[in-house]
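K.L.:
Sequence first, predicted coordinates after that:
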Amino acid sequence: MKTSTAFAKAHAEGRAALVGYLPAGYPSVDGGIQALTAMVEAGVDVVEVGLPYSDPLMDGPVIQDAVDAALRGGTRTPEVLRTVEAVASTGAAVLVMSYWNPIDRYGAERFACDLQSAGGSGAITPDLIPDDAQEWLPVARARELDTVFLVAPSSTDERIALTTRECRGFVYAASTMGVTGTRGQVGNAAAGLVTRTRATTDLPIAVGLGVSSGDQAAEVASFADGVIVGSAFVRRLMDADDAASGVRAAASLAAELADGVRRATP
């Protein structure tokens with residue numbers, strides 16, 4: 001499924017889309033596929049498959065620990081693409097979340113080709129800005145892959161406009177400055193950032209960084225087109241006694257979050 005289709009379907013239902021993240025290979029490649037599939041079945045509309053990287057500067061300790069475990073378990077780009085293919089077969093829109101270095105090392109054109117072949121919808125590149133994306137944008141466009149870039153509360157209006165102009169699929173709005181991780185409350189700058197971003201684009205705007213409960217999902221869904229949840233899903237797997245209970249815990253959280261976006265008042 002295309003990312004735009006998933007957001008359009010959610011919009012038609014009068015709600016925000018739920019976007020769920022897990023790094024490929026955690027707790028194992030097959031275990032991660034099972035967890036992501038269960039999350040989709042429980043209500044996740046769009047999936048972010050993380051590409052494990054040895055220097056995840058924008059990730060908090062929970063995701064860092066999971067990524068480190070995935071790397072030690074042998075997860076590399078081919079395993080990420082296998083995860084994408086398996087999860088895309090459920091009918092969900094699936095994007096890869098990756099720092100630029102692993103894509104660059106794999107080869108941008110090769111990565112775009114293989115991602116498209118795996119059924120991927122596109123890629124989110126948190127450390128790549130459009131100004132420096134000359135190697136990525138042409139090959140992604142040629143394969144009709146979404147290119148999702150980030151805006152943040154510190155972004156100027158000019159920077160937001162430049163960023164959204166090169167986005168496809170949706171715009172990723174970071175709710176707060178800092179690394180990923182669950183928080184007690186959503187950053188109060190998030191709604192203002194969404195308003196500023198809406199002035200520059202008709203694309204859906206999804207908010208990430210910090211959401212971990214149905215109530216927080218409902219709060220974000222009241223002003224954004226999508227709610228992105230990552231660390232909370234990873235934490236459910238991390239705290240589980242075994243892989244099977246981790247899958248159940250991730251599915252349970254997905255159901256809670258899916259209920260949250262459905263009871264929000266836009």
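P.N.:
Perfect, I can see it now.
K.L.:
And stretch 16-33, end to end?
P.N.:
Using C-alpha to C-alpha, to the nearest Å, the end-to-end distance of stretch 16-33 comes out at 24 Å.
K.L.:
What are the boundaries of the strands in the stretch 151-266 of the chain?
P.N.:
Applying DSSP state E, counting those that start in this stretch to the stretch 151-266 of the chain gives strands spanning 171-174, 205-208, 226-229.
K.L.:
and these as a markdown table, adding mean neighbour count and distance to Ser89?
P.N.:
The way it works is simple: take the backbone N, C-alpha and C, and place the C-beta from them, glycine included. Output for those, formatted as a markdown table (neighbours: other C-beta atoms under 10 Å; distance: least, C-beta to C-beta, whole Å):
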| stretch | mean neighbour count | distance to Ser89 |
| --- | --- | --- |
| strand 171-174 | 26 | 25 |
| strand 205-208 | 27 | 23 |
| strand 226-229 | 28 | 22 |
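K.L.:
For Thr83, find the nearest of those strands.
P.N.:
strand 226-229 (17.8 Å; C-beta to C-beta).
K.L.:
Counting neighbours, what do you get for Gly43?
P.N.:
19 (other C-beta atoms under 10 Å).
K.L.:
give the contact list for it.
P.N.:
Counting by C-beta atoms under 8 Å, 6 or more residues apart in numbering, Gly43 touches Leu18, Ala254, Ala255, Leu257, Ala258, Asp259.
K.L.:
quick check, nearest of those residues to Ser98?
P.N.:
The closest of those, once distances to Ser98 are taken by C-beta to C-beta, is Leu18, at 21.1 Å.
K.L.:
ok, longest helix in this protein?
P.N.:
In the chain, taking DSSP state H as the definition, the longest helix is helix 243-263.
K.L.:
tell me which residues in it are buried?
P.N.:
243, 246-247, 249-251, 253-262 (16 or more other C-beta atoms under 10 Å).
K.L.:
Also stretch 84-93?
P.N.:
Under 16+ other C-beta under 10 Å, the buried positions of stretch 84-93 are Val84, Glu85, Ala86, Val87, Ala88, Thr90, Ala92, Ala93.
K.L.:
any idea how far the last one lies from Val19?
P.N.:
Counting by C-beta to C-beta, to the nearest Å, the gap between Ala93 and Val19 amounts to 9 Å.
K.L.:
Quick check: neighbours shared by the two?
P.N.:
Asp45, Val46, Val47.
K.L.:
Out of the residues you listed, list just those in strands.
P.N.:
Counted as lying in strands by DSSP state E, out of these, are Val46, Val47.
K.L.:
Now do stretch 65-83: everything it contacts.
P.N.:
Residues contacting stretch 65-83 (C-beta under 8 Å, 6+ apart): 22-29, 32-33, 36, 49-54, 56, 59, 96, 98, 102, 106, 111, 114-115, 118, 120, 234, 237-238.
K.L.:
Any idea how far that stretch is from the middle of the chain?
P.N.:
Computed by C-alpha atoms, centre = their mean, to the nearest Å, the chain-centroid distance of stretch 65-83 equals 16 Å.
K.L.:
Can you give me the end-to-end span of that stretch?
P.N.:
End-to-end for stretch 65-83, by C-alpha to C-alpha: 19 Å.
K.L.:
Could you do stretch 175-189 as well?
P.N.:
Stretch 175-189 has an end-to-end distance of 6 Å (criterion: C-alpha to C-alpha).
K.L.:
where does Ala17 fall, phi/psi-wise?
P.N.:
Ala17 adopts backbone torsions of phi -80, psi 150, taken as degrees, to the nearest 10.
K.L.:
Tell me which residues touch it, please.
P.N.:
Here Ala17 is in contact with 6-7, 9-11, 45-46, 204, 206, 225-227, 261 (C-beta under 8 Å, 6+ apart).
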